[in-house]
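> Need a 3D model of the sequence below.
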Amino acid sequence: MQQRTIGTRSVSAIGLGGMPMSIEGRPDEARSIATIHAALDAGVTLIDTADAYHLHADDVGHNEELIARAVRSYGGDTSAVLIATKGGHLRPGGGSWTQNGHPDYLKDAAKASARRLGVDAIGLYQFHRPDPKVPYADSIGAIRDLLDEGVIEMAGISNANVAQIDEANAILGGRLVSVQNQFSPAFGSSLGELEHCAALGIAFLPWSPLGGIRRAADVGQHHSAFQDVADAHGVSPQQVALAWELALAPVVIPIPGSSRPESIRDSVRAAELDLTDDELDELSPLSRAA
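Residues are numbered from 1 along each chain as shown. Predicted coordinates:
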């Protein structure tokens with residue numbers, strides 16, 4: 001599969017988002033393991049998770065543990081796999097979302113994530129979402145300390161604006177390697193952050209790149225241009241959406257959430273789908289509401 005770069009690591013151009021395997025409507029573990037193994041079979045080497053991807057208050061870290069078990073049980077070589085996790089966003093009741101960006105909490109959360117993943121150092125750790133009650137610099141300072149202490153190998157942020165990207169990169173001493181923001185045909189307001197990351201050479205990881213769990217199946221219905229291009233190529237509109245995102249900048253690495261082997265196999269094919277300049281013009285952000 002086409003490769004892209006996060007920091008010092010070469011990863012697949014399409015990653016796997018683990019969230020749907022652990023929240024509401026999650027499948028049984030056998031299907032989740034099969035989905036992760038299908039992704040690895042297809043050449044996926046980036047798997048995204050978070051300690052907050054769970055269903056109940058007593059199964060924090062469910063997705064991290066699930067991914068760790070799946071990778072350990074895979075029969076092939078997993079030495080190139082980068083598992084990226086996040087901390088600072090919580091689901092204390094299993095349904096509502098809150099933030100905790102206190103430095104002590106983030107440090108403890110990262111160490112707990114490392115234990116669940118079964119690693120000495122987390123490959124990529126990302127501050128999940130700014131906490132309005134804590135100065136952003138304090139939260140990022142904790143991520144810097146984790147980096148300096150070797151608890152994490154690389155540092156990223158999520159749900160950040162341009163000013164926060166610059167602030168985080170400065171606090172980290174130029175070591176910010178990734179930004180994970182929502183971006184899709186249905187949600188283009190992070191285009192400015194994507195372009196800023198491209199200028200800085202920082203990986204941009206669109207979350208919900210197909211519009212989210214409830215909208216992913218209907219990309220072609222909600223965005224007719226994507227269906228038209230898909231029909232011309234004989235592929236799914238989901239592949240077209242991911243290929244369009246990849247074409248926006250060489251730093252873009254979509255991480256579609258999947259809970260079925262067939263869905264991640266389809267998504268991975270987007271990395272080999274070449275869109276013409278005319279098609280890319282048709283699929284520009286200005287046409288996303290078509």
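> Do you have the strands of the stretch 1-150 of the chain handy? List them.
3-6, 9-12, 16-17, 46-48, 82-87, 89-90, 98-99, 124-127 (DSSP state E, counting those that start in this stretch).
> Who are the packing partners of the second one?
What it means is strand 9-12. Using 3 or more Cβ pairs under 8 Å, 6 or more residues apart in numbering; DSSP states H and E as the contact test, the elements touching strand 9-12 are strand 3-6. Using the backbone N, CA and C atoms, a C-beta is placed for each residue, glycine as well.
> The strand it packs on pairs with which strands, parallel or anti?
strand 9-12 (antiparallel) (DSSP bridges).
> Buried residues, the partner strand. List them.
Arg9, Val11, Ser12 (16 or more other Cβ atoms under 10 Å).
> Throw the strands of the stretch 1-150 of the chain into JSON lines and include mean pLDDT, thanks.
Shown next, in JSON lines, are the strands of the stretch 1-150 of the chain (pLDDT from 0 to 100):
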{"stretch": "strand 3-6", "mean pLDDT": "98"}
{"stretch": "strand 9-12", "mean pLDDT": "98"}
{"stretch": "strand 16-17", "mean pLDDT": "98"}
{"stretch": "strand 46-48", "mean pLDDT": "98"}
{"stretch": "strand 82-87", "mean pLDDT": "98"}
{"stretch": "strand 89-90", "mean pLDDT": "93"}
{"stretch": "strand 98-99", "mean pLDDT": "94"}
{"stretch": "strand 124-127", "mean pLDDT": "98"}
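> Is it possible to get a markdown table of those strands that adds distance to Gly220?
Formatted as a markdown table, the strands of the stretch 1-150 of the chain follow (distance: least, Cβ to Cβ, whole Å):
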| stretch | distance to Gly220 |
| --- | --- |
| strand 3-6 | 26 |
| strand 9-12 | 24 |
| strand 16-17 | 20 |
| strand 46-48 | 25 |
| strand 82-87 | 29 |
| strand 89-90 | 31 |
| strand 98-99 | 35 |
| strand 124-127 | 31 |
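> ok, back up a step: nearest to Tyr136, of the buried residues of strand 9-12?
Arg9 (25.7 Å; Cβ to Cβ).
> show me what contacts the closest one?
Leu82, Gly123, Leu124, Met154 (Cβ atoms under 8 Å, 6 or more residues apart in numbering).
> Next, count neighbours for the second one.
In this case it means Gly123. 20 (other Cβ atoms under 10 Å).
> Strands of the stretch 151-290 of the chain, residue ranges please.
Using DSSP E, counting those that start in this stretch, strands in the stretch 151-290 of the chain cover 155-158, 176-182, 203-207.
> Can you tell me which of these is nearest to Asp108?
strand 155-158 (16.7 Å).
> what pLDDT, on average, does the closest one get?
When pLDDT is averaged over strand 155-158, the result is 98.
> Which residues does it contact?
6, 84, 86, 124-129, 140, 143-144, 146-147, 164-165, 168, 172, 175-181, 203, 205, 207.
> Can you tell me which of those residues are classed as buried?
6, 84, 86, 124-129, 140, 143-144, 146-147, 164-165, 168, 172, 176-181, 203, 205, 207.
> Could you tell me how many residues sit around the residue nearest to Cys197 when sequence neighbours are not counted?
Distance criterion Cβ to Cβ, 6 or more residues apart in numbering; nearest residue to Cys197, sequence neighbours excluded, is Phe204 at 4.1 Å. Counted with other Cβ under 10 Å, the neighbours of Phe204 add up to 26.
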